[in-house]
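**Q** structure of the sequence below:
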Amino acid sequence: MIDIGLARDALFKTGNWCRTREAYRDDDGRPKQRTVATLGRLDQLSSELESVISGLLRVTGKSAPAAASAPSLSFESARDFGDVWTLTELWNSLGFAGLRRVFRPTRHAIDVEALIRVMVLNRLCDPESKLGVLRWVQTVTLPGKMAESIDHQHLLRAMDALVEHQDKVDAVLASLLRPLVDQDLAVVFYDMTTIRAAGLSQQDGDVRRFGLSKEGVVARQVMLGVVQTAEGLPLYHEVFDGNTAEVQTLKPTLEKIVARYPVKRVIAVADRGLLSVDNLEELKTITLPGGGRLEFILAVPGRRYSEFVELLEPLHNSSFAQAEHETLAESRWNDLRLIVAHDPGAAAHAIAQRDTLIATLEQQAAQWVGKLDAQDDGKPSRGRKLSDGGARARMYHAVCEAHMARIVRVDLKSELFSYNIDERALAHAKLMDGKLLLVTNAADLSPSEVVARYKSLADIERGFRVLKSEIEIGPIHHRLPGRIRAHATICFIALILHRVMRTRLRSASQTCSPERALSTLRRIQHHRVCINAAQPIAGLSTINQEQAAILAALELKKPTLNTQLTLL
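**A** Reported below is the predicted structural model:
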């Protein structure tokens, strides 16, 4: 009997033959092998070999090994991880977690700070309604909260708590933004925009009012004022009634900024809609905590350019008439500096555009006059009969549509259709073409510095576009005034995170926008798999070079399994 367990290479092939051999030592102790049995030719063996193997197993008392089976794998749906993790790290590193101290001593049983954070992150990752947030959390990995513990009422209660403690929340935001503001000189920009509001119901203290929106239509809306630094960092926001006059908001808003940020020198920059004589007098009375005065740069609205004709005519003749490139000049107005910037290219374009409009209006008027004269002469003409009153109404409507009513004067009192070109008004319009008028009390800034500061105001308009497009602040579907203000605060915090991301990406020479960065990081996903019904194994997608570069630019470490967040 052959002891298979002791035989080495017991079954092997030699050429086309299959033999069973055993190893042994001869009398001199040298290892040798000998053939025990020849099983046959390999090309002729089929079931006979299996019979031999079965027989050998029976002889040795061993059982045939079980056939290897594939493991049972169960994959859970992948969840977005990288973008949420990045924003959460920024949230904590910037100090937004300090909001916990505001809500900890309150009566609220819910984690208000965590719920506010969820709503802020949703605004940046996939802006949805508050009900939409509940769907979104099912697709991402978030810290601290389980999906089944968040419901719609929790989100609404968190918004109510945010409004109840708005002053303390604003104090926390000011404390975390204060280190990012230059303590020696802060140039702050203030502007307002309109946010469309849905619904027709009326509430006590309703801030939804009908007013003229920035898009030029009358709609139900709220007004949102935002203050930001020259670097684009948002400092403060406030919600006003939808029909509030912009000029009434400037002084109280700047007073709050001066009180919250103890900067030695503040220069406020505001756009055309915020200039009025009363505003100028009020701004002169604002003093900084250190005793200094508030400085400002305000643009003169176009509707008030006629008040500056006497000042501009000598400036234009002496400095701008022969200019080929952008030119600056300075004068005095109401004990303030008046800085005038003239762009010859823009002026030529405006003049050509106006001349084209006037020529089009005159051509249309000539056609109407010709038709009226033909009717008077009894000549037949196509279309309905035209009257002088009808021609007058059509001309007036066309002039108003072209915004030329100050130049093209339609005589509405005459029985016959008539109009004239106001040459004085046309000359004044040409005088104003291509000009930017700025009023300031900053004595040490050169005219070019004043203009450069004002042109930086365009960045706050980009911030409004971010609020309306990427963050989707509107249209607002909340009815209660408090919830509307809470919604604005959530979007404002999202804008702060967006601008911090933009600043860090630019500092690291990264060309991608915050939206593109978050989209790239979103591809870092959280995966879980169960093998043979065992405990799930968690893992992250491989981080590529582009994602690693973005994280480095944002001054964040790569996420690892040791820092994974709770899977919702």
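
**Q** how about the strands in the stretch 451-568 of the chain?
**A** 525-531, 537-540 (DSSP state E, counting those that start in this stretch).

**Q** which one of those is the most hemmed in?
**A** strand 525-531 (a mean of 16; mean count of other Cβ atoms under 10 Å). All C-beta spots, glycine's among them, are computed from the backbone N, C-alpha and C.

**Q** just the CA atoms of that strand, as PDB, please.
**A** Provided in PDB are the C-alpha atoms of strand 525-531 (Å, rounded to 0.1, in the frame of the first residue of the first chain):
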ATOM      1  CA  GLN A 525     -17.200  59.000  -2.700                       C
ATOM      2  CA  HIS A 526     -17.800  56.900   0.400                       C
ATOM      3  CA  HIS A 527     -18.400  53.200  -0.300                       C
ATOM      4  CA  ARG A 528     -19.500  50.200   1.800                       C
ATOM      5  CA  VAL A 529     -19.500  46.500   1.000                       C
ATOM      6  CA  CYS A 530     -20.600  43.400   3.000                       C
ATOM      7  CA  ILE A 531     -18.800  40.100   2.300                       C
END
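
**Q** related to what we said a few turns ago, can you put the strands of the stretch 451-568 of the chain in a markdown table and add distance to residue 304 and mean pLDDT?
**A** Shown next, in a markdown table, are the strands of the stretch 451-568 of the chain (distance: least, Cβ to Cβ, whole Å; pLDDT from 0 to 100):
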| stretch | distance to residue 304 | mean pLDDT |
| --- | --- | --- |
| strand 525-531 | 56 | 86 |
| strand 537-540 | 59 | 84 |
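
**Q** just for the stretch 401-550 of the chain, where's the confidence low?
**A** Residue ranges of the stretch 401-550 of the chain with pLDDT under 70: none are present.

**Q** against residue 271, how distant is the closest residue to residue 553 other than its chain neighbours?
**A** Nearest non-adjacent residue to residue 553, counting by Cβ to Cβ, 6 or more residues apart in numbering: residue 508, 3.5 Å away. From residue 508 over to residue 271 the distance is 32 Å, taken as Cβ to Cβ, to the nearest Å.

**Q** can you check residue 537 too?
**A** For residue 537, the distance to residue 271 equals 57 Å [Cβ to Cβ].

**Q** on that earlier part again, for the strands of the stretch 451-568 of the chain, give me JSON lines that also has distance to residue 374.
**A** Shown next, in JSON lines, are the strands of the stretch 451-568 of the chain (distance: least, Cβ to Cβ, whole Å):
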{"stretch": "strand 525-531", "distance to residue 374": "76"}
{"stretch": "strand 537-540", "distance to residue 374": "82"}
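
**Q** out of the ones you listed, the one nearest residue 441 is which?
**A** Within the strands of the stretch 451-568 of the chain, the stretch nearest residue 441 is strand 525-531; the backing value is 55.2 Å (Cβ to Cβ).

**Q** the closest one: partners in the sheet, and parallel or antiparallel?
**A** Partner strands and pairing direction for strand 525-531 (DSSP bridges) are strand 73-75 (antiparallel), strand 79-80 (antiparallel), strand 537-540 (antiparallel).

**Q** any idea how far it is from the chain center?
**A** The chain centroid and the centroid of strand 525-531 are separated by 32 Å, computed with Cα atoms, centre = their mean, to the nearest Å.

**Q** same question for stretch 163-182.
**A** Relative to its parent chain, stretch 163-182 has a centroid offset of 21 Å by Cα atoms, centre = their mean.

**Q** quick check: longest helix of this protein.
**A** In the chain, with assignment by DSSP state H, the single longest helix is helix 344-376.

**Q** output the contacting helices and strands for it.
**A** Where contact means 3 or more Cβ pairs under 8 Å, 6 or more residues apart in numbering; DSSP states H and E, helix 344-376 is packed against helix 388-401, helix 423-432.

**Q** quick check: mean pLDDT across that helix?
**A** Here helix 344-376 scores 91 as its mean pLDDT.

**Q** count the neighbours of residue 520 for me.
**A** 17 (other Cβ atoms under 10 Å).

**Q** could you measure from it over to residue 179?
**A** From residue 520 across to residue 179, the span is 29 Å (Cβ to Cβ).

**Q** for residue 105, find the nearest of the strands of the stretch 451-568 of the chain.
**A** Closest approach to residue 105 among the strands of the stretch 451-568 of the chain (Cβ to Cβ): strand 525-531, 34.4 Å.

**Q** which residues does the closest one contact?
**A** With contact meaning Cβ atoms under 8 Å, 6 or more residues apart in numbering, strand 525-531 is reached by 71-76, 78-82, 141, 536-541, 564-565, 567.

**Q** kindly recompute the last result at 10 Å.
**A** 71-82, 84-85, 140-141, 536-541, 559, 561, 564-565, 567-568 (Cβ atoms under 10 Å, 6 or more residues apart in numbering).
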